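J.: Everything below, folded, please.
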Amino acid sequence: MRSKAPLALMEQMVMILVFALAAALCLQAFVLSDRISRQGEARGRAALECQTAAETIRSCGGDMGQALSAAAEKLGGSYEQGLLWLDYDQDWKPIDYDKCGLEAPMAAYRLAASGVPTQVAGLEKADVWVTDGEGDKPIFQLEIAWQGEVSAHG
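T.: Next up, the predicted model:
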């Protein structure tokens with residue numbers, strides 16, 4: 001008479017394999033959900049930072065260069081060659097390169113703004129966007145407009 005032990009052992013092995021596959025699928029689902037949650041959180045924070053920068057630029061007013069440079073000063077960013085930019089660390093804290101020097105953390109996000117040419121006298125437009133560390137594609141972007149200074153021609 002043959003023993004049924006190998007059959008029971010085989011059944012246990014199949015059950016362990018099925019359990020391992022189910023656990024792997026659940027783990028993948030949790031990892032994907034965490035990644036989607038982090039992306040949503042970054043998009044929400046990027047929108048908030050873009051709106052803050054846009055309102056600051058608009059409140060500074062004037063011509064494009066004046067508005068962007070004044071906004072950079074208020075926001076704690078930099079303004080060079082027509083581009084306002086501000087780097088953030090992983091926790092969305094602005095990075096002050098003057099204070100940090102060589103020990104500055106790697107920028108996880110960058111807010112930037114630049115002027116957009118218009119054909120209407122007295123209308124100023126700018127794009128404001130936030131990118132992640134790679135800077136390939138904006139996480140969030142918006143366009144703003146305000147009334148600039150119009151010179152009167154007699």
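J.: hey, where'd the strands end up in the chain?
T.: In the chain, strands defined by DSSP state E lie at 78-80, 83-88, 109-116, 123-132, 138-147, listed in chain order.
J.: could those strands go into JSON lines alongside mean pLDDT and mean neighbour count?
T.: C-betas here are computed from N, CA, C, even on glycine. Listed next are the strands of the chain as JSON lines, based on pLDDT from 0 to 100; neighbours: other C-beta atoms under 10 Å:
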{"stretch": "strand 78-80", "mean pLDDT": "92", "mean neighbour count": "14"}
{"stretch": "strand 83-88", "mean pLDDT": "92", "mean neighbour count": "20"}
{"stretch": "strand 109-116", "mean pLDDT": "94", "mean neighbour count": "20"}
{"stretch": "strand 123-132", "mean pLDDT": "93", "mean neighbour count": "19"}
{"stretch": "strand 138-147", "mean pLDDT": "93", "mean neighbour count": "16"}
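J.: between those strands, which gets nearest to residue 63?
T.: strand 123-132 (6.7 Å; C-beta to C-beta).
J.: one step back: out of the strands of the chain, which is closest to residue 7?
T.: Shortest separation from residue 7 across those is recorded for strand 123-132, at 54.8 Å, computed as C-beta to C-beta.
J.: Partner strands of the closest one, with direction?
T.: Sheet pairing of strand 123-132 (DSSP bridges) gives strand 109-116 (antiparallel), strand 138-147 (antiparallel).
J.: for it, the distance to its chain's centre please.
T.: With C-alpha atoms, centre = their mean, to the nearest Å as the basis, strand 123-132 stands 13 Å off its chain's centre.
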